[in-house]
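Participant: please work out how this folds:
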Amino acid sequence: MKPARAFTLRYVVHGQEKSVRLLVDDQDAHLLRSFHWGVHRDVRGNRTVYRNAAGGVWLSLGQAILQPGEDSVVWHFNGDDADFRRENLRVSTRSDRARQIQPAAQASRLANA
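Facilitator: Predicted structure coming up:
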């Protein structure tokens, strides 16, 4: 296993300061120190750590680390959206990722019914 570091990322949401601890491989630590990162949560509570890139485009930390192709998404294998170790990040096309998520979402709905 490669050495990893824990970083505390502080950010502001609706005037309140919040923080999240991120786990990043040593070889990628420079990315957190070199840019201003923000945190966004979608309606399902999924967290994205991002920065503004050229042209007003958002670049996620996972994308910055793995640099996948344009139609690719980076996702967390263990489900922990604060774990950015390379061994935990996976790349899929958007359509493949949607197919991977769908069975899990269906199982969750059935379990909660």
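
Participant: all helices of the chain, in order?
Facilitator: 29-34, 61-66, 94-111 (DSSP state H).

Participant: the first one: how far from the chain's middle?
Facilitator: In terms of Cα atoms, centre = their mean, to the nearest Å, the centre of helix 29-34 is set 15 Å apart from its chain centre.

Participant: kindly report the same for stretch 11-28.
Facilitator: 11 Å.

Participant: only the buried residues of that stretch, if you could.
Facilitator: Of the residues in stretch 11-28, 22, 24, 25, 28 count as buried by neighbour count, 16 or more other Cβ atoms under 10 Å. C-betas here are computed from N, CA, C, even on glycine.

Participant: and what of stretch 74-87?
Facilitator: 74, 76, 81, 82, 83, 84, 85.

Participant: right, and the third one touches residue 46 too?
Facilitator: Yes. Counting by Cβ atoms under 8 Å, residue 81 sits close enough to residue 46 to count as a contact (6.5 Å).

Participant: so what's the residue count around the closest residue to residue 19 other than its chain neighbours?
Facilitator: Leaving out its chain neighbours, the residue that sits closest to residue 19 by Cβ to Cβ, 6 or more residues apart in numbering is residue 10, at 4.7 Å. Residue 10: 10 surrounding residues under other Cβ atoms under 10 Å.

Participant: residues in contact with residue 10?
Facilitator: With contact taken as Cβ atoms under 8 Å, 6 or more residues apart in numbering, residue 10 is in contact with 17, 18, 19.

Participant: out of these, which one sits closest to residue 4?
Facilitator: Nearest to residue 4 among the contacts of residue 10: residue 19, at 18.3 Å, using Cβ to Cβ.

Participant: ok, the closest one to residue 67 distance?
Facilitator: 27 Å (Cβ to Cβ, to the nearest Å).
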